[in-house]
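>>> here's my sequence, what's the structure:
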Amino acid sequence: MSAESASAIQRNQVDLLDFVDWSGVECLNQSGTHSLPNALKQGYREDEGLVLESDADEQLLIYIPFNQVVKLHSIIIKGPEEEGPKTVKLFSNREHMGFSNVNDFPPSDTAVLSEDNLKGKPVILKYVKFQNVRSLTVFVEDNQSSSDITKVQKIVLCGTTSSVHLMRLSGDAIL
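Residues are numbered from 1 along each chain as shown. Below you'll find the model as predicted:
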């Protein structure tokens, strides 16, 4: 984990990257040459030259399943000032969403990303809505400049796992 990611993650929260079920991760409307691993995978996401880029228009639909139940506290979405995401809708435990039905469901939370967010400031989520998360769908609805291409440099999911929560309850040492 980079020092930047570690410093942005709140106390008692962890980067949930190790709990992503990579076999089920999907991204709709991603460029063939600038795909999701560039923004989500360890090592790739620290390289500012690598980005996730939309293809046909500015929207992206990202599905991230976890290999265990997590509690999501915040999300970091870094991007360039002009082409970075603006309106981001998050859906907890919604599978098989597409562009044709994403607006049929109310999001668990919606964030309008600021310049500070695009530089790495975490978006604190409605924690009560993200207590038993088996999967997260991230819908990037538009970008900062309304251009046809959205670019995402980095995505970090911050929270806790059920096992960390159980260790806290039992009084065992954490990490």
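>>> please make it C-alpha for all contacts and neighbour counts, starting now.
Noted.
>>> ranges for the helices of this structure?
3-8, 37-40, 115-118, 162-170 (DSSP state H).
>>> leaving out chain neighbours, which residue sits closest to residue 31?
residue 55 (4.6 Å; Cα to Cα, 6 or more residues apart in numbering).
>>> need the pLDDT of the one you found.
For residue 55, the pLDDT comes out at 97.
>>> next, the buried residues of the longest strand along the chain.
The strand spanning the most residues in the chain, taking DSSP state E as the definition, is strand 60-78. Buried positions in strand 60-78, judged by neighbour count with 16 or more other Cα atoms under 10 Å: 60-66, 69-78.
>>> then stretch 121-131?
121-123, 125, 129-131.
>>> distance between the ends of it?
By Cα to Cα, to the nearest Å, the extent of stretch 121-131 from end to end equals 22 Å.
>>> residue ranges with poor pLDDT in the protein?
Along the chain, the model assigns pLDDT under 70 to residues 1-11, 163-175.
>>> quick one: distance of the longest strand of the chain to the chain centre.
5 Å (Cα atoms, centre = their mean, to the nearest Å).
>>> what do you get for stretch 139-159?
From the chain centre to the centre of stretch 139-159 is a distance of 9 Å (Cα atoms, centre = their mean).
>>> between the two ends of that stretch, how far is it?
End-to-end distance of stretch 139-159 (Cα to Cα): 19 Å.
>>> hmm, who's touching stretch 37-57?
1-2, 17, 29-32, 34-36, 60, 148-156 (Cα atoms under 8 Å, 6 or more residues apart in numbering).
>>> buried ones among those?
Here, 16+ other Cα under 10 Å leaves 17, 29-31, 34-36, 60, 149-156 buried among the contacts of stretch 37-57.
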